[in-house]
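# Sharing a sequence plus its predicted fold:
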Amino acid sequence: MITIDNVSKWYGDFQVLTNCTTRVAKGEVVVVCGPSGSGKSTLIKCVNALEPFQKGSIVVNGTAVEDPKTNLPKLRSHVGMVFQHFELFPHMTITQNLTVAQIKVLGRGKDEAMDKGLKLLDRVGLKAQANKFPGQLSGGQQQRVAIARALAMDPICMLFDEPTSALDPEMINEVLDVMVQLAGEGMTMMCVTHEMGFARKVAHRVIFMDHGAIVEDATKDDFFGKPHSERAQVFLAKILQH
Amino acid sequence: MGDFDFSTITTNWRFLAEGLRYTIQVTFTAMAGGILLGTLLALMRLSALWPLRWFAATYINFFRSVPLVQVILAVYLILPLLLQSLTGRLIPIGADNSAYFTFTIFEAAYYAEIIRSGIQSVPRGQVAAGYALGFTYSQTMRLVVLPQAFRNMLPVLLTQTIVLFQDVSLVYAIGATDFFGAADKITQRDLRPVEMYTTVAVVYFVICFALSRLVKYLQSRIAIIR
């Protein structure tokens, strides 16, 4: 589904990604973790070309992202993305947020888009908030709407960029619950997250990054059981201390 | 102080109203055209393509460093010659029409800078979210960035328009008759400057004050709930 092959990226002279190679199969849930500044978010943003990269190749569902001939809007329209800071459109109501891209990008009719949007809103447990504005919702609620907004596009895979790290602790679970449910339905997911509980529960594989490189790419059991690299061991020891 | 004679106003109110109508027309034309052109310039200025950036920056900096009166004069004198060399015919534009054009292109430079800062006030994540949903550049701008940017910058845009409304009086330089110009002409004839200028000042104040109240009202009406 997603093949990342030898990707490197520089900001000027500073290299942020170094020869990253991995793949995400259809239906697979891959968690990307690592210390801040390790390039996890940058890597995941390369997958839908929100960040350009200078070397290597990323192929999503048969389409090369870096190919200048690739129709990026079309590619992105079926790769769902959820952001750290939700990024709902604050000047639109929740239903408008859920329907605008369906109508403008996929060309769906208003009624069809609305049906789909409300169904998904119900699924994330927020049907009652349909006519509110994002600013009237809590962070956890906004993030659930953001997930519904991405799902409304019928994505072939979902990218999560630290979806819970801007949330108050008591709201993290409501978002993770939605993600766990999604994983259970067989959605292909690539998640940058520090939620190791989530990784243990639903991830098939865990990728550990440090200084822009993929240091460890292992099955969940291998990663939590016996990480190869010392860097990953130290990281795990630190975050699993409590 | 007992010899105020406001008959100079009452007998000439038609002429004054005609001037005020012209002032308002120029203001609205230049506001609409200026915001449209200004949006384009702002987008060019923020473009990734350097020729567009360069053009917009040159345009904006040029008009912001030249006194408005001079631009009014220059356009009035040069535009007919330019049109003549293009079409081969002498087209009399007239001072009145020339001002519409001048104010539009001049104000566009100021609006462009306001709009640019408005666009930059929208978090980058919003742009990323637009792209991530499959929007094109123009859809991202139209549906996501500009609606938020205009809400953020509305007060400044309207304040600029109030300044524009007052600046229209500078058309005296080319002999067009706006509100202030009309008052000035009557004063020269009737020699009642105190009555006339007091009235003009009051009218300007009332209109500008009303506009600034409107800014406040609109601000609360269309504010984004955060």
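That came through, no problem.
# can we go C-alpha only for contacts and neighbour counts from here?
Noted.
# can you map out the helices along chain A?
A:40-47, A:72-77, A:94-104, A:110-123, A:139-151, A:169-184, A:196-202, A:220-225, A:230-239 (DSSP state H).
# Show residues contacting the last one.
This points to helix A:230-239. By CA atoms under 8 Å, 6 or more residues apart in numbering or on different chains, the residues outside helix A:230-239 that reach it are A:34-35, A:208, A:210, A:215-216, A:224, A:227.
# can you rerun that using 10 Å?
Around helix A:230-239, the neighbours that count as contacts under CA atoms under 10 Å, 6 or more residues apart in numbering or on different chains are A:33-35, A:194-196, A:207-210, A:215-216, A:223-227, A:229, A:240-241.
# next one: the fourth one
Counting by CA under 10 Å, 6+ apart, the neighbours of helix A:110-123 from elsewhere in the structure are A:94-104, A:106-108, A:124-130, A:144-154, A:178.
# buried set for the helix or strand of chain A with the lowest mean pLDDT?
Lowest mean confidence among the helices and strands of chain A (mean pLDDT, DSSP states H and E): helix A:230-239, at a mean of 85. Across helix A:230-239, burial judged by 16 or more other CA atoms under 10 Å in any protein chain shown covers A:231-232, A:235-236.
# OK, contacts around the most centrally placed residue in chain A?
Centroid check for chain A by CA atoms, centre = their mean gives A:Phe160 as the closest residue, at 1.5 Å. By CA under 10 Å, 6+ apart, the contact set of A:Phe160 is A:31-32, A:41, A:44-45, A:80-84, A:147, A:179, A:189-193.
# residues in contact with stretch B:11-19?
B:7, B:9-10, B:20-25, B:169, B:176-186, B:200.
# Distance check, the residue nearest to A:Thr164 when sequence neighbours are not counted against chain B.
What sits nearest to A:Thr164 in space, not counting adjacent residues and going by CA to CA, 6 or more residues apart in numbering or on different chains, is A:Ile172, at 5.7 Å. A:Ile172 sits 21 Å away from chain B when distances are taken as CA to the nearest CA, to the nearest Å.
# likewise A:Gly184?
24 Å.
# thought that residue was touching A:His204?
No: judged on CA atoms under 10 Å, A:Gly184 makes no contact with A:His204 at a distance of 11.5 Å.
# More neighbours: these two, which one.
A:His204 (17 against 12; other CA atoms under 10 Å in any protein chain shown).
# residue contacts, that one?
Contacts of A:His204 by CA under 10 Å, 6+ apart are A:24, A:27-31, A:218-221.
# Contact residues of chain B facing chain A?
By CA under 10 Å from any CA of the partner chain, the residues of chain B that approach chain A are B:123-137, B:139, B:143-145, B:147-148, B:151, B:222-226.
# Sort out which of these are buried, if you could.
For these, buried by 16+ other CA under 10 Å: B:126-136, B:139, B:143-145, B:148, B:151, B:224.
# Which of those fall within strands?
Using DSSP state E, no member of those falls in strands.
# ok, now how distant is the residue nearest to A:Gly139 when sequence neighbours are not counted from A:Gln129?
Leaving aside its chain neighbours, A:Gly139 sits nearest to A:Leu167 (6.0 Å; criterion: CA to CA, 6+ apart). Taking CA to CA, to the nearest Å as the measure, A:Leu167 falls 19 Å from A:Gln129.
# And the longest helix anywhere in chain B, how far out from the chain middle?
The single longest helix within chain B, with elements called by DSSP H, is helix B:13-45. Offset of helix B:13-45 from its chain centre (CA atoms, centre = their mean, to the nearest Å): 5 Å.
# Sketch out the low-pLDDT regions of chain B for me.
Low-confidence segments of chain B (pLDDT under 70): B:1-2, B:224-226.
# name the helices or strands packed onto the helix or strand that contains B:Val75?
Assigned by DSSP states H and E, B:Val75 belongs to helix B:68-87. Helix B:68-87 sits against helix B:95-120, with contacts defined as 3 or more CA pairs under 10 Å, 6 or more residues apart in numbering or on different chains; DSSP states H and E.
# how about the helix it packs on: buried residues?
Those would be B:95-96, B:98-116, B:118-119, for helix B:95-120 by 16+ other CA under 10 Å.
# Repeat that for stretch B:183-191.
B:183-184, B:186-187.
# Point out the ones among the residues you listed that are inside helices.
Residues of the buried residues of stretch B:183-191 located in helices (DSSP H): B:183-184, B:186-187.
# returning to that earlier point: out of the contacts of A:His204, which two sit at the greatest distance?
The largest separation in these, counting by CA to CA, is between A:Gly27 and A:Asp221 at 18.0 Å.
# Counting neighbours, go ahead and name the busier of the two.
Set A:Gly27 next to A:Asp221 and count neighbours by other CA under 10 Å: A:Gly27 wins out with 17 against 14.
# How about the more buried one: what's its closest non-neighbour residue?
Spatially, and ignoring its direct neighbours in sequence, A:Gly27 is nearest to A:Thr188 (4.2 Å; CA to CA, 6+ apart).
# what about the one you found, how many residues close to it?
Neighbours of A:Thr188 (other CA under 10 Å): 22.
# mind listing what it touches?
If you count contacts by CA under 10 Å, 6+ apart, then A:Thr188 has A:1-2, A:24-30, A:155-159, A:182 around it.
# can you list the weak-confidence ranges in chain A?
Scanning chain A residue by residue, the ranges that satisfy pLDDT under 70 are A:241-242.
# Tell me the buried residues within the contacts of stretch B:11-19.
When these are checked for burial by 16+ other CA under 10 Å, the buried set is B:9, B:20, B:22-25, B:169, B:176-184, B:186, B:200.
# can you pull the contacts of A:Leu72?
When contacts are counted by CA under 10 Å, 6+ apart, A:Leu72 touches A:48-50, A:63-66, B:131-132, B:134-136.
# 6 Å instead, please
By CA atoms under 6 Å, 6 or more residues apart in numbering or on different chains, no residues touch A:Leu72.
# now swap in the one 4 residues further on and tell me
Shown here is A:Arg76, whose contacts under the criterion CA under 6 Å, 6+ apart are A:48, B:132, B:134.
# show me what contacts the last one?
Meaning B:Gly134. B:Gly134 makes contacts with A:73-74, A:76-77, as judged by CA under 6 Å, 6+ apart.
# same question, the first one
In this structure, A:Asn48 makes contact with A:Arg76, judged by CA under 6 Å, 6+ apart.
# Quick check on it: phi, psi?
Dihedral pair for A:Asn48: phi -110, psi 20, per degrees, to the nearest 10.
# counting contacts, what elements does the host helix or strand of B:Ala56 pack onto?
Element membership for B:Ala56 (DSSP H and E) is helix B:50-64. With contacts defined as 3 or more CA pairs under 6 Å, 6 or more residues apart in numbering or on different chains; DSSP states H and E, helix B:50-64 has these neighbours: helix B:13-45.
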